[in-house]
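Asker: What would the 3D arrangement of this be:
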Amino acid sequence: MAFHFFAYINRMKYINRWGLMRNTRPENDTEHSQQTAMIAHALALIANRRYQKHYDAGYVMALALYHDASEVITGDMPTPVKHNNPFIRQEYGRLERIANERLISMLPEDLRDDYRPLIQHDETTPEWRLVKAADKISAYIKCVEEKKAGNGEFENAAYTIRSSIDRIDLPEVRDFMRECVPGFGMTLDEISEGSPLD
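Answerer: Okay, the predicted model is just below:
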């Protein structure tokens, strides 16, 4: 019997984000998920090294990698639409749960329990909180890159997302924003200056 989970997940590259906004460069769900996974992994490591937390950084990274998996079935609903109406948000959440179940059913039966916590994530856990912070940071980075390219369309989104990040009470998030995010607004020459390769 053939199982199509990975073939389906591979199609996340066809789900474009920021659907209602003019983009200088399109971004798809695969790119976003990979960046979110890298950021979430870094947040977990910062938390462990600097703040005596005990995250499984590999698990956090995997959770982030699959955090938008349902969108391969549901598509990406723009945030202003999704959160503008409680009924729409509730119904979209129901669709996400149905999509996640369908994805899990596409796995070999002996792997389903391994993937279930990654696909049907428990949104009350500290690990999920890190993933959602990383998700917001990734969205903010997209805004920074668009603004750098002269696209004023992302001005308000950048302000709104940055404000929501600043309200996250996690020191690892503050450290990452202060130490790692500024480079995304710089040119290649600027981020290369003073590098160990000079």
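Asker: Next, the buried residues of the helix or strand that contains residue 114.
Answerer: Using DSSP states H and E, residue 114 sits within helix 112-119. Within helix 112-119, the residues scored as buried using 16 or more other CB atoms under 10 Å are 115, 118-119. (C-beta placed from N, C-alpha, C; glycine too.)
Asker: swap in stretch 50-66?
Answerer: 53, 55, 57, 60-66.
Asker: pLDDT weak spots in this protein?
Answerer: 78, 80-83, 194-198 (pLDDT under 70).
Asker: What separation do you get for residue 4 and residue 112?
Answerer: 14 Å (CB to CB, to the nearest Å).
Asker: that older thread, out of the buried residues of helix 112-119, flag the one nearest to residue 85.
Answerer: residue 119 (25.9 Å; CB to CB).
Asker: how close does the residue nearest to the spatial centre of the chain get to residue 17?
Answerer: The residue lying closest to the centre of the chain (CA atoms, centre = their mean) is residue 135, at 3.2 Å. Distance of residue 135 to residue 17, given as CB to CB: 11 Å.
Asker: Likewise for residue 119?
Answerer: Remark: distance between residue 119 and residue 17 (CB to CB) = 19 Å.
Asker: Likewise for residue 70?
Answerer: 14 Å.
Asker: Between the two ends of stretch 55-73, how far is it?
Answerer: Taking CA to CA, to the nearest Å, stretch 55-73 runs 30 Å from one end to the other.
Asker: Pull the distance from that stretch to the chain's centre.
Answerer: 8 Å (CA atoms, centre = their mean, to the nearest Å).
Asker: List the contacts of that stretch.
Answerer: If you take CB atoms under 8 Å, 6 or more residues apart in numbering as the criterion, stretch 55-73 is touched by 8-9, 11-12, 15, 29, 32-34, 36-41, 43-45, 47-48, 76, 95-96, 99-100, 102-103, 115, 117-119, 121, 126-128, 130-131, 134-135.
Asker: Write a PyMOL command that selects only the buried members of those.
Answerer: A single PyMOL command selects the buried members of the contacts of stretch 55-73 (16+ other CB under 10 Å):
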select buried, resi 9+12+15+29+32+33+36+37+39+40+41+43+44+45+47+76+96+99+100+103+115+118+119+121+127+128+130+131+134+135
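Asker: pretty sure residue 142 is in contact with residue 18, am I right?
Answerer: Yes - with contact defined as CB atoms under 8 Å, residue 142 reaches residue 18; the gap is 7.1 Å.
Asker: and the two? which has more neighbours close in?
Answerer: A direct count of neighbours by other CB atoms under 10 Å for residue 142 and residue 18 places residue 142 higher, at 24 against 20.
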